[in-house]
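Participant: Have a look; sequence and predicted model below, questions after that.
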Amino acid sequence: QGHTDGVRSVAFSSDGTRIVSGSNDKTVRVWDADSGVQIGSPLQGHTSVVTSVAFSPDGTRIISGSNDKTVRVWDSDSGVQIGSPLQGHTSVVTSVVFSPDGTRIVSGSTDKTVRVWDADSGAAVISHTLLHSLAYSITFSSSRSHTLYDGQILLCGCPSMNRNVWQPVHFYEDGWIRGPHNQLLLWVPHALQKPFYSMHTILVLPKGCTELDLSSMTAHGYNWERCFKPIKA
């Protein structure tokens, strides 16, 4: 306990010894993972709700995104802000993350852009506009050539007919993609099983994986075979 309002985001350090939290009270706080005791003073600087927090891979820095449209970088030991806020988003920053090597910061926003920043200088490297979607969540692959380390993660949740309800969809080792009631949706040939990304992935940096596009798949479950069209000799 310590925040004076709702907690919006939490993350572990890579060694599991610390936890960082961001809150509606506009502060970022660091905690000892074993004792639960707050480490140092709150990290203050944001002028609105802190929506997303993350540690750098080496644990020396913390990043935070906020409704104040900025991304801030902090020294995780002293709690001092490093440099000026990263500015460029024109609306709420919803997600922030470090690249696996710690050289890049990526932020997503309700302004429908994903921005890449140099983690040392704070300079903007890339800005990508999403035409139809909001960037609520961002993640890096632990391998530069993969979208995510394990393709199964991408299909852990797909929208049902009710957009407010998420149904579990999983990709299994036998190549079958099965729905929430274990119904067969699609079989992926072994050569294409890893890596790939789905239509629910908004942006991939870099591209190059196999894309799984189910947008035209109207028959599935027990009738999946209707999607098969044999090649005539």
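Facilitator: Received it, and whenever you're ready, just let me know what you need.

Participant: okay, how far is it across stretch 49-58, tip to tip?
Facilitator: 26 Å (Cα to Cα, to the nearest Å).

Participant: Would you indicate which residues of that stretch are buried?
Facilitator: 49-57 (16 or more other Cβ atoms under 10 Å). Yep, even glycine has a C-beta here, placed from its N, CA and C like the rest.

Participant: for that stretch, what is the average pLDDT?
Facilitator: Per-residue pLDDT over stretch 49-58 has a mean of 94.

Participant: quick one on the thing from earlier: of all the buried residues of stretch 49-58, which comes closest to residue 123?
Facilitator: When the buried residues of stretch 49-58 are compared for distance to residue 123 (Cβ to Cβ), residue 56 comes out closest, at 17.0 Å.

Participant: Tell me if I'm right that that closest one and residue 63 touch.
Facilitator: Yes. Between residue 56 and residue 63 a contact is recorded at 7.4 Å, counting by Cβ atoms under 8 Å.

Participant: so what's in contact with these two at the same time?
Facilitator: residue 98 (Cβ atoms under 8 Å, 6 or more residues apart in numbering).

Participant: Just give the closest residue to residue 109, not the sequence neighbours.
Facilitator: Distance criterion Cβ to Cβ, 6 or more residues apart in numbering; nearest residue to residue 109, sequence neighbours excluded, is residue 89 at 4.3 Å.

Participant: How about the secondary structure of that neighbour?
Facilitator: For residue 89, the assignment made with DSSP: H, G, I helix; E, B strand; the rest coil gives coil.

Participant: what's the burial count for it?
Facilitator: Close neighbours of residue 89, defined as other Cβ atoms under 10 Å, add up to 24.

Participant: show me what contacts it?
Facilitator: Residue 89 touches 69-71, 107, 109, 111, 113, 115, counting by Cβ under 8 Å, 6+ apart.
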